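Q: Whatever this is, show me its structure:
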Amino acid sequence: MDSEERAQKGSNNRHFSRRKLFAGAAAVSAGAVVGSQLPTVAHAAPEGGLHGAELRGMFLTSKDPLAEGRFGAMFKRLPAFTPSDDLLTSLAQTMVEPDTTDTFLNTSPRLFAGFTFIGQFIDHDITLDTTPLDKQQQDPDAKVNFRTPRYDLDSVYGRGPQTDSQLYDSADPDKLLLRKNVNNVLDVPRDGNGRPIIGDPRNDENLIIVQFHKAVAQFHNNIVDYVRSQGMRKEWVFEAARRLSRWHYQWAVIHDFIPRMTSDPRKTVDDFVGNGGTVYKEVAGKSPVINLQYYKPTNKDGRPFMPVEFAVAAYRFGHSLIRPFYVINDTGKVDIFGANGERNLNGGRPIPSDLVMVWNNILPDLGNPAARPPRKIDTMLSIPLSTLPGSAVPPPDPTKNLAVRNTLRGKRVGLPSGQQVAKAMRVTALSNSTLGLSNDPGWKGEAPLWYYILKEAELPPYNGERLGPVGGRIMAETLVGLLQRDPNSYLYLDPAWKPISPITSQPGKFEFSDLLKFAGAAPTT
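A: Numbering: from 1, shown residues only. Alright, predicted model coming up:
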């Protein structure tokens, strides 16, 4: 029996006091992280990221819709939607905004530009594939050798200080390593070529994500100081700090990120959109009520998988949020992409001194009422995403248009149409006329799922401010379902747990702005 199985078998319905939380950390947390299998030898190139690169096992469902490996289908019985590549490409080429002004930005008080990059960080966390290269080659469809998707911050922690010591401070191995770079800026550790020494190199794909990664490391390090101040036994310090860091991060995903993207701006986490009832509902003094109608793993082990409807359609709503430029501090606009030497957010380099992140420019509740919004959730993408640079799509890949890449990939993985999914959810399906699609007979009255989800969000009553019932339900069920099945998560080990003081200033409430505050990366007032 491996560490994950032991945790699953022994930890169901376990409730921890603060003392038990600390005392149990070493016993339960350690094993599952060792099981994450971060390789210390040569391994495949990083996957995924902002530009929608392919992930190992993503095309399993096109070969067997009933299969569940690293990926699987949420709606296994729905037929694949297979319009011609030319028709899909023609549609995708129209999905670009006409200019780079602020005309297409979202003005909702619930959305801020920082959540675009927090969403990328979450994506990297749950899609990190640390299977050694030889096993990847033996199992290219990830039927057996697949990493269970979790948001447990292994992109930050690796396998812990005993195994991946290069990620930790040699003077204080309970803490993650951060150091001043050649620009005299606090940064993640880097090698002589400027490449990051972190658990997931994708977190260095742009300067905002890597600075959020750095803030999470600072958050952990400050929690180490906190648990020591509570008289923690020396051998339990790291595990207790990692657990508290994970659980507060997971809480913020559930109570901050998801509701901002799926709920009416006037409502809370209890009001996820979508037919079938509330996905996650807090109950005072009790465990939350979780209602998963469509995300139900059926493999013999009950192991969670990544639904292709989420990975290739619903969660790619984030591409629509991306601005052509950002204002991250008082030095002015910074392009999302650009040639070397220009002011851009390109990663793969030490953080420049003039591009240090000031988080209150792009996130709420940090003392800046003029914090920047993202783009609307709609069917238009920023101009730079229609001509991705070579750093994002290396030669000889000729497809530089992100919308083209997304629509063609949806067909390749065998996604059903948006209307088919809506009907399976018992939601009134939008017609192609309502969606603004041409009357080309090749559509057969249906639309690609990714396009459908974006247009559903664009139209009233959602108005580009949040996902609609199809996209919102897929995203909420997937993220809640993954957490519910993670044997290290608060939902698995202690469902009635709430964020604690002084990590949050308001016990029971914790958002990503609170994470940045406790990390010391953002002002506390």
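Q: Count the residues that sit near D102.
A: The burial count assigned to D102 is 13, neighbours taken as other Cβ atoms under 10 Å. Quick note: C-beta positions are derived from backbone N, CA and C, even for glycine.
Q: same check, this time on the one 3 residues further on
A: When counting by other Cβ under 10 Å, one arrives at 17 neighbours for L105.
Q: what's near enough to touch the spatially closest residue to it that is not a sequence neighbour?
A: In this structure, L105 finds its nearest non-sequential neighbour in P373, 5.1 Å apart by Cβ to Cβ, 6 or more residues apart in numbering. With contact set as Cβ atoms under 8 Å, 6 or more residues apart in numbering, P373 has these partners: 105-108, 111-113.
Q: Of those, just say which sits nearest to K180.
A: Ranking those by separation from K180, with Cβ to Cβ as the measure, puts A113 on top at 27.2 Å.
Q: Would you enumerate the residues in contact with the closest one?
A: 321, 323, 326, 361-363, 371-374.
Q: so how far is V227 from it?
A: A113 sits 33 Å away from V227, taking Cβ to Cβ, to the nearest Å as the criterion.
Q: what do you get for I197?
A: As defined by Cβ to Cβ, I197 lies at a distance of 25 Å from V227.
Q: Comparing those two, which residue is more hemmed in?
A: Between I197 and V227, counted using other Cβ under 10 Å, V227 has the larger neighbour count: 24 against 15.
Q: So for that one, what's the nearest residue that isn't a sequence neighbour?
A: That would be A240: by Cβ to Cβ, 6+ apart, it lies 4.7 Å from V227.
Q: got it, and Y280?
A: Computed as Cβ to Cβ, 6+ apart, the closest residue to Y280 that is not its neighbour in sequence is V480, at 5.1 Å.
Q: Which of the helices or strands spans the one you found?
A: helix 469-484 (DSSP states H and E).
Q: So which elements touch that helix?
A: Helix 469-484 makes packing contacts with helix 258-262, strand 306-307, helix 308-311, helix 418-424, helix 449-458, helix 490-493 when contacts are defined by 3 or more Cβ pairs under 8 Å, 6 or more residues apart in numbering; DSSP states H and E.
Q: mind putting the ones you listed in JSON lines, distance to T100 included?
A: JSON lines is the format used below for the helices and strands packed on helix 469-484 (distance: least, Cβ to Cβ, whole Å):
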{"stretch": "helix 258-262", "distance to T100": "24"}
{"stretch": "strand 306-307", "distance to T100": "33"}
{"stretch": "helix 308-311", "distance to T100": "29"}
{"stretch": "helix 418-424", "distance to T100": "29"}
{"stretch": "helix 449-458", "distance to T100": "19"}
{"stretch": "helix 490-493", "distance to T100": "41"}
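Q: Let me have those in CSV, adding mean pLDDT as columns.
A: What follows is the helices and strands packed on helix 469-484, written out as CSV (pLDDT from 0 to 100):
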stretch, mean pLDDT
helix 258-262, 90
strand 306-307, 95
helix 308-311, 97
helix 418-424, 98
helix 449-458, 97
helix 490-493, 94
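Q: want to throw these into a markdown table with distance to Q211 and mean neighbour count?
A: Written out in a markdown table, the entries for the helices and strands packed on helix 469-484 read as follows (distance: least, Cβ to Cβ, whole Å; neighbours: other Cβ atoms under 10 Å):
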| stretch | distance to Q211 | mean neighbour count |
| --- | --- | --- |
| helix 258-262 | 20 | 25 |
| strand 306-307 | 26 | 28 |
| helix 308-311 | 25 | 26 |
| helix 418-424 | 36 | 22 |
| helix 449-458 | 28 | 27 |
| helix 490-493 | 26 | 22 |
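Q: out of the ones you listed, which comes closest to T379?
A: Judged by Cβ to Cβ, the one of those that comes nearest to T379 is helix 449-458, at 4.7 Å.
Q: quick one: the closest one to helix 469-484, angle?
A: 110 degrees (axes from the mean of the first three to the mean of the last three Cα atoms, to 10 degrees).
Q: Helix 449-458 - contacts with which helices or strands?
A: Contacting helix 449-458 under the criterion 3+ Cβ pairs under 8 Å, 6+ apart are the following elements: helix 402-412, helix 418-424, helix 432-435, helix 469-484.
Q: now it, how far from the chain's geometric center?
A: Once both centres are worked out by Cα atoms, centre = their mean, to the nearest Å, helix 449-458 turns out to sit 19 Å from its chain's centre.
Q: what do you get for stretch 366-386?
A: Chain-centre distance of stretch 366-386: 17 Å, with Cα atoms, centre = their mean.
Q: for it, which positions count as buried?
A: 366, 368, 371-382, 384-386 (16 or more other Cβ atoms under 10 Å).
Q: bridging residues for the spatially closest residue to M58 that is not a sequence neighbour?
A: Setting aside the residues directly before and after it, M58 is nearest to F71 in space (Cβ to Cβ, 6+ apart), at 5.4 Å. When bridges are taken as DSSP bridges, the partners of F71 come out as M306.
Q: Name all residues that make contact with F71.
A: By Cβ under 8 Å, 6+ apart, the contact list for F71 reads 55, 57-58, 60-61, 142, 305-308, 311, 413.
Q: Tell me the pLDDT of it.
A: F71 is assigned a pLDDT of 93 by the prediction.
Q: Please report how far it lies from E54.
A: For F71 relative to E54 (Cβ to Cβ), the value is 11 Å.
Q: ok, now how distant is V188 from I198?
A: Counting by Cβ to Cβ, the gap between V188 and I198 amounts to 5 Å.
Q: Ok, D141 next?
A: Counting by Cβ to Cβ, the gap between D141 and I198 amounts to 28 Å.
Q: With neighbour numbers in mind, choose between those two.
A: Neighbours per residue, other Cβ under 10 Å: of D141 and I198, the larger number sits with I198, 24 against 20.
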